[in-house]
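S.K.: output the structure for:
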Amino acid sequence: MVRYEGVEERRKDWMTVLTRFDTETIDRSPLSNLLETIIQADGAVLFQAIFEPRSDWSPKAQRQKGRLKRGVHTTGGMIIRSVLDALMGVSDEEKRERHRGDTPEEVGGSIMDSQVDGQRAGQSRMAQIDLKNPSHTYNVSLRAAAQSQRTAENLQDSLNQMSGQFYSVDGKYLGENENEYKRMLNHGITYPNGWEMITRRKPILVCNIEELASFITVPSIDALPKASRGGTGGKPKAQSALTSPNEEVFRKFSDGMTIGHAVTALRDDTENSREISAIESVNEWWAELSKRDALALSAGDLTHHYIRAATTGSGKTVATLNDMLTTHENLRGPTILIDPKGGEMCRNYLRCHRTLFGDLDDVEYIKVPEEGGNIPGIPFFDLRPLTRAAGRERETAIQDIIDHYFQLLRFVLGRDTVDQAFVANEILTNLIKALFDEENGSDYFTVGDLLDAAQDFQHYGRSIEDLEEASQEQIDKALPTAEDEQVRGFLKSHLEKEERQFMNTTDAVLNRIRKLKERDFIWDMLSFEIPEEHWDDEKNWYNRTDVPMLDLKNILNGNKVLLIDTGNLHGESSEIFSVLFLSHLWRSVQSLWTPDADDYIANVIIEESANIARNEIVYNELLPKGREFNLSLGLIMQYPEQVLGEDPRANRRSYQEILNNVNTKIIGNIATDDMLAESLFHEDLDTDEIKDRIAGLRRGEWVVQLPSTGFHKQKPEILTLKPLPIPPGHSEGPFDVSSKSESVREESRNRHTLNRDSEYINSSAGADFSSSDSLADDEDEEEEVEVGGELETKHEAFLELVFDALTDGAKNYSLSDPMTQLPFSDAAKDLDDWDFLEKVSIGQNKFYYIPTKDAELYADNNSLSPDEGGELGDESPEHRLGARFAGTYYEQQGYDVTLYGDINDSGNKTDVFAKSTKQSPTDRNKLIEVETSPEKKGHVLDDYEALKEGYGDVVWVVENYDEAITLLEKLSEEVDGLPTGHSAQNIRRVSEQLDDPGISEIHTLNSLRQDIE
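M.R.: Numbering: from 1, shown residues only. Down below sits the predicted model:
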């Protein structure tokens, strides 16, 4: 046991003050030393502070001040002083000195200001008695109990810093003191006994309110030394709750889509530090929604859209399920989920919906593609919803469809590829306008019809050598029939071009159509058409009695929940479908009458939405204009900055639009960028502090920026949000519920989907001409070449040398040398700027160049196709250079090298196949795999499994040493006995440690380059 006692310098000094701390100016807490000692101790430690009010001792204080004026401290001392003065006499100067009262010797002079807020060295005893405030003091017992003597002894000095100038705190080690321990258990105060009453050391302290606060106020974790913070179990300021500014927040956000519970100062309990729990009964879940601190977004709030962003495993999926369930219960209108993850989310929603609402009558569930290759019936090239139902001008409606088509192409071909060939884009645009021609065209057509028109334009147009001498019949065959002379004139002008230029441009047009055919389900969706007899002029909508289609009229005018699972698709394919669906949705909401009610909202939730959010249909149309049609977007992603993607400069506008147009931001524990932090508002926090708060969130905890509560109303500050529990029926809950997913899917499949055998999918269009009419193969279609300047002799010469270096070899040049050593290398920058070359840097600024398709097109007799010594497909320049390095090295070793050779004639190919010969150092083949994406575990393991079955040594080539470590880490998750690479720091040493049928050697681009002679 340790008891902290009050020690007086002179008698009655308990009336003076202890040291007080100004929490505004001192970072370290008064209890910091004590807590730090406890944290570092072994075993349990108890610290107790017991206090009671002390009777008003103001009269005693006045008498003591009188004694101090006379230079004494007690009544006995005053009597003795009076007797001595009478016997010996005293001078006036000495009397004046006595009346000054006692002042600390080191200061000299006294400060008598009783209004001073806080202890100041140099105050006299008299002044300190006034500061003690005799009418409001407490008797205080302080004790500590520890499991070990060493800990108790260390605790003795832990409160010494609280000592005042005349009145000190001193810890006394009591050993195993049974009486004191019983007082501790019984919360008793240890009063001084008879002897202690007359000594200057007493077992209690006399404290005023400020002094007492120093002993009983648990400090913030931020007031502790960093080394001790982890042991407290407390949380730093950055993790404390951001409380609601006022009651108005709860009143304004009390009904609608419930997003969680606001954390307030009254409700910051430790109960919610647990994992997100599954609730045990339906009634309890409903009760959670009706609590005062449950925050909900109304239909009006949702028209300003919302975003949920948090890392994997932080509760986004559970929160989204709760969002959907509460929207369906509290608001009118459909709830639509697009889920690309393919996990249990859709089935869990079915379980929860069935548990809470009793049936699944209001739920539609579609997978894309469905069984049998079925796809949702979504008309794309169709003006009728816009012109007939929405009353849009025909020209603007056509432009909308053209814009959406190019947005689709940007996903398929890439933004740069689509945008750089503007002549091909103009031809494609005018072909679409011609097919929509009001007099000779149609209100609807398919992608096959568009391909037919493009093929006619190329096939018949190439035969026209001189437009002035061509017959009208020849021209009419090449051009689609159109009354619009501007459209026809633009297309006709291209027939005047030289044949090769014409073919290059029209190849680019065909490429923008044929590329869609690589994904059958997308081609089938774009081939869907609904004949005129199935258009209902009275309803101004499709009469879908006989046509299976995704009928958004029925969905938008009801309270349906539509689940669209695109998990069977991967990456871009899922995103392409999402763009197609959003295009159809946007046209539908503009075309259809929907309920004009305050509680109506069409809530569209997109999981893993970062790539979709950077598409123009989202940030140009749905976000800024959706409010007019009661449409809400819920964007679910890992972190908002993900929208910037790999090209932050190009996607900056889309990110800014999202931050500006999404008014409700629900953010979990993520790395917060400056733009996001600046978009969040809290009066007392700057952007760095907001970042700290977000970084300190626990799993399942959020901060939320709510929308304004009305026009010209104050914007609410961000506040902390705790999640709703897992809804009843969820697979992680306490009871099992069947999702009935198969029966729901079957009904939805029959109602909304169809396959290519259907009469409403036009699969015959677009097959009139083979690709032999084109100068390029389907696999390697030529884009039009647009050069930023004229190719001079040096450009052509350097381009020729690069081709030679990568194929047959340039004279007096070895691939071990950077290409900057080639003649005319000063032309490389221009060729790079004009997209004729792609630059690769390896090692210490060793630069190499890979020709692009445009370069192959320009240099007629050069190619990097496999039969010309080059590569297959659209590999990265690093990959192509790695294959070339490997091929050159093993050729020099005497192997017979083939790019993309078969592994054991099994159909699996390796990037470089080096067959052993009599000249090669071994009789084993070399199977070389160039891997530029080792972080993709699934892809790496697939290659590993295929390669280890081949006859020969498997050689892997990666970009650099870090990529080698990544490759080995991914393989080690499934393959035992591989080195880590962390200790060797040398690729050759790592390679020496390899002895596995699926990886016997490993090289980097630089190490392979160095091995080339």
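S.K.: please enumerate the strands of the stretch 1-150 of the chain.
M.R.: Taking DSSP state E, counting those that start in this stretch as the criterion, the stretch 1-150 of the chain carries its strands at 2-8, 45-54, 137-146.
S.K.: R627: which of those is closest?
M.R.: Evaluated with Cβ to Cβ, the strands of the stretch 1-150 of the chain place strand 45-54 nearest to R627, the distance being 57.7 Å. Just so you know, the C-beta spots here come from the backbone N, C-alpha and C atoms, and that holds for glycine as well.
S.K.: average pLDDT for that closest one?
M.R.: This predicted structure assigns strand 45-54 an average pLDDT of 95.
S.K.: strand partners (parallel or antiparallel) of that strand?
M.R.: strand 137-146 (antiparallel) (DSSP bridges).
S.K.: ok and the partner strand relative to strand 2-8, angle-wise?
M.R.: Direction vectors for strand 137-146 and strand 2-8, defined by axes from the mean of the first three to the mean of the last three Cα atoms, to 10 degrees, enclose an angle of 140 degrees.
S.K.: format the CA atom coordinates belonging to strand 137-146 as CSV.
M.R.: Coordinates of each C-alpha in strand 137-146 appear next as CSV, following Å, rounded to 0.1, in the frame of the first residue of the first chain:
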residue,chain,number,x,y,z
THR,A,137,-12.4,22.9,0.4
TYR,A,138,-12.3,19.1,0.8
ASN,A,139,-10.6,16.5,2.9
VAL,A,140,-8.9,14.1,0.5
SER,A,141,-7.5,10.6,1.0
LEU,A,142,-5.3,9.3,-1.9
ARG,A,143,-4.1,5.7,-1.9
ALA,A,144,-2.7,3.1,-4.2
ALA,A,145,-2.5,-0.6,-3.9
ALA,A,146,-0.2,-2.8,-6.0
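S.K.: that strand: which residues count as buried?
M.R.: Of the residues in strand 137-146, those buried under the neighbour-count criterion (16 or more other Cβ atoms under 10 Å) are T137, Y138, N139, V140, S141, L142, R143, A144, A145, A146.
S.K.: the last one contacts A152, doesn't it?
M.R.: Same thing as A146. Yes: here A146 lies in contact with A152, judged by Cβ atoms under 8 Å, at a distance of 4.3 Å.
S.K.: shared neighbours of those two, anything?
M.R.: The overlap between the contact sets of A146 and A152 (Cβ atoms under 8 Å, 6 or more residues apart in numbering) consists of V2.
S.K.: show the pLDDT at G101.
M.R.: In the predicted model, G101 carries a pLDDT score of 49.
S.K.: do the one 10 residues further on as well
M.R.: Per-residue confidence at I111 stands at 39 (pLDDT).
S.K.: centre of the chain to stretch 60-77, how far?
M.R.: The offset between the C-alpha centroid of stretch 60-77 and the centroid of the whole chain comes to 71 Å, using Cα atoms, centre = their mean, to the nearest Å.
S.K.: how far away is the closest residue to D323 other than its chain neighbours from L337?
M.R.: Leaving out its chain neighbours, the residue that sits closest to D323 by Cβ to Cβ, 6 or more residues apart in numbering is M257, at 5.4 Å. For M257, the distance to L337 under the criterion Cβ to Cβ, to the nearest Å works out to 13 Å.
S.K.: residues in contact with the spatially most central residue of the chain?
M.R.: Central residue of the chain (Cα atoms, centre = their mean): Y639, 1.6 Å from the mean position. When contacts are counted by Cβ under 8 Å, 6+ apart, Y639 touches A309, A310, T311, I670, A671, T672.
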